[in-house]
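Colleague: kindly return the folded structure for what I paste below:
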Amino acid sequence: MLKVIVLGTGCPNCKKLEQLCYDVAVENNLDMNLEKVTDINKFADYGIMFTPGLVINGKVMSSGKIPTKTTLARWMTDANNA
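Modeller: Numbers count the residues shown, from 1 in each chain. Alright, predicted model coming up:
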């Protein structure tokens with residue numbers, strides 16, 4: 001099962017990234033557990049200085065931007081197959 005963490009304060013970009021993760025998981029038939037981290041103090045634990053942040057299976061994949069759907073799908077399928 002993929003463990004995906006979206007870090008952000010709840011801004012529109014953070015919500016968009018969260019929805020994009022759900023969309024990719026459904027479209028690619030991936031079993032995903034998504035966690036939202038909104039506590040600013042916890043962002044630094046992941047090395048995230050800019051939101052939205054994305055962590056997949058413990059690895060920081062992006063910070064301060066929303067990856068394209070194609071890129072996100074590749075990251076998630078690769079992590080699922082690892």
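Colleague: show me what contacts the residue lying farthest from the centre of the chain?
Modeller: Residue farthest from the centre of the chain, counting by Cα atoms, centre = their mean, is Asn41 at 17.8 Å. With contact set as Cβ atoms under 8 Å, 6 or more residues apart in numbering, Asn41 has no partners. Where you see a C-beta, it was placed from the backbone N, CA and C, and this is true even at glycine.
Colleague: who does the most centrally placed residue in the chain form a beta bridge with?
Modeller: Centroid-nearest residue in the chain, with Cα atoms, centre = their mean: Leu54, separated by 3.4 Å. Beta bridges link Leu54 to Val6, Ser62 when assigned by DSSP bridges.
Colleague: before we move on, back to that, confirm the residue farthest from the centre of the chain sits in a helix?
Modeller: Yes: Asn41: assigned to a helix according to DSSP: H, G, I helix; E, B strand; the rest coil.
Colleague: how near is it to Met49?
Modeller: Look at Asn41 and Met49: by Cβ to Cβ, to the nearest Å, they are 13 Å apart.
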